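Enquirer: pasting the sequence and the predicted model now:
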Amino acid sequence: MRILQRIGIALAVFVALVVIGGFFVPSSWQVEESVEVAAAPVDILPLVETPRRWEEWAAWTKARYPDMESEYAGPERGAGAIWRWRGRSSGNGTLEITKSDPASGIDYVLTFEGFSPTPGGLRFETVPVGTRVVWWMKGDVGNNPLARYFSLLMEPMMGKDLRAGLGKLKAVAEAAAARRQKEERAAEAARAAKAHADVTAAGDGASGADGEPNAETDGASEEAAATP
């Protein structure tokens with residue numbers, strides 16, 4: 001009986017220490033990962049401000065969660081664009097773009113069913129290679145001392161997905177930048193060729209005008225030669 005009492009007392013002390021310790025754990029959490037992309041914001045923004053295109057690079061896709069069903073609402077891109085998903089393996093959630101800026105990136109609110117909304121975003125920063133994309137998320141679990149321990153798990157839980165998504169975003173954005181630059185070079189070459197052709201045509205026209213005989217002058221000359 002004394003052994004059981006001692007076990008009970010030990011468990012009570014342990015629980016008390018866990019609860020008390022929880023009050024010393026920060027209630028807020030933030031996860032932030034980044035990657036440098038050899039592309040301009042113009043190449044990256046369409047990928048992140050269009051929820052339908054997250055499938056191309058984000059870690060939360062049907063390939064990972066086969067039973068996930070997605071639907072979209074609001075505008076196709078930019079502030080107000082919404083992505084909703086449902087699934088046994090993925091859970092139910094909503095992501096809404098709240099701000100989109102060509103120079104600085106996007107902000108969004110992510111809401112999983114049963115949890116408080118979580119703000120996040122993808123921030124653009126100029127670097128020598130092109131653009132640094134910083135993917136951040138933050139939240140607050142409140143005053144529950146046990147829930148505060150959950151905040152300690154957010155970095156290892158979310159950080160892996162953010163890093164994986166940024167890696168794919170880098171590849172997709174750099175491919176888009178390469179296509180854009182190729183098209184711009186082709187367009188520039190076409191403009192240069194047209195300008196050269198216009199100059200050549202103008203020069204040929206001027207040469208033809210200089211070499212064309214003057215009918216009035218030639219007629220007068222022939223008349224003078226025929227006069228005795």
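Expert: Sure thing, it's come through. A quick note: this is a predicted structure, and the numbers were derived from the prediction, not measured.
Enquirer: so the residue nearest to Ala164 when sequence neighbours are not counted, which of the three states?
Expert: Nearest in space to Ala164, with sequence neighbours left out and distances taken as C-beta to C-beta, 6 or more residues apart in numbering, is Ala59 at 4.5 Å. To be clear about C-beta, it is placed using only N, CA and C from the backbone, and glycine gets the same treatment. Three-state call for Ala59 (DSSP: H, G, I helix; E, B strand; the rest coil): coil.
Enquirer: surely Ala59 touches Leu166?
Expert: No. Ala59 sits out of contact with Leu166 when judged by C-beta atoms under 8 Å, with a separation of 9.4 Å.
Enquirer: what does the average pLDDT come to for the lengthiest helix in the chain?
Expert: Using DSSP state H to define each element, the chain has its longest helix at helix 154-211. Helix 154-211 shows a mean pLDDT of 87.
Enquirer: about what we covered before: quick one, which of Ala59 and Leu166 is more surrounded?
Expert: Set side by side, Ala59 and Leu166 give different neighbour counts by other C-beta atoms under 10 Å, the larger being at Leu166 (22 against 17).
Enquirer: dig out what the nearest residue to the more buried one once chain neighbours are set aside forms beta bridges with.
Expert: Among residues not flanking Leu166 along the chain, Val35 sits closest, at 4.1 Å (C-beta to C-beta, 6+ apart). Partner residues in beta bridges with Val35: Val133, with DSSP bridges as the criterion.
Enquirer: need the contact list for Val35.
Expert: Contacts of Val35 were listed using C-beta atoms under 8 Å, 6 or more residues apart in numbering, and they are 132-133, 163, 166-167, 169-170.
Enquirer: ok, back up a step: now do the longest helix of the chain: distance to the chain's middle.
Expert: The chain centre lies 20 Å from the centre of helix 154-211; the measure is C-alpha atoms, centre = their mean, to the nearest Å.
Enquirer: what does stretch 91-106 give?
Expert: Averaging C-alpha coordinates over stretch 91-106 and over its chain gives two centres that are 9 Å apart (C-alpha atoms, centre = their mean).
Enquirer: can you give me the end-to-end distance of it?
Expert: 24 Å (C-alpha to C-alpha, to the nearest Å).
Enquirer: would you mark the buried spots in it?
Expert: Buried residues in stretch 91-106, counting neighbours by 16 or more other C-beta atoms under 10 Å, are found at 93-97, 100, 105-106.
Enquirer: let's see which of those end up in strands.
Expert: Filtering those for membership in strands, criterion DSSP state E, returns 93-97, 100, 105-106.
Enquirer: how about the nearest residue to the most centrally placed residue in the chain, chain neighbours excluded?
Expert: For the chain, the residue lying nearest the average C-alpha position, counting by C-alpha atoms, centre = their mean, turns out to be Val48 (3.0 Å). Leaving aside its sequence neighbours, Val48 sits nearest to Leu122 (C-beta to C-beta, 6+ apart; 4.9 Å).
Enquirer: likewise Val31?
Expert: Distances taken as C-beta to C-beta, 6+ apart put Met158 closest to Val31, at 4.6 Å, once the chain neighbours are dropped.
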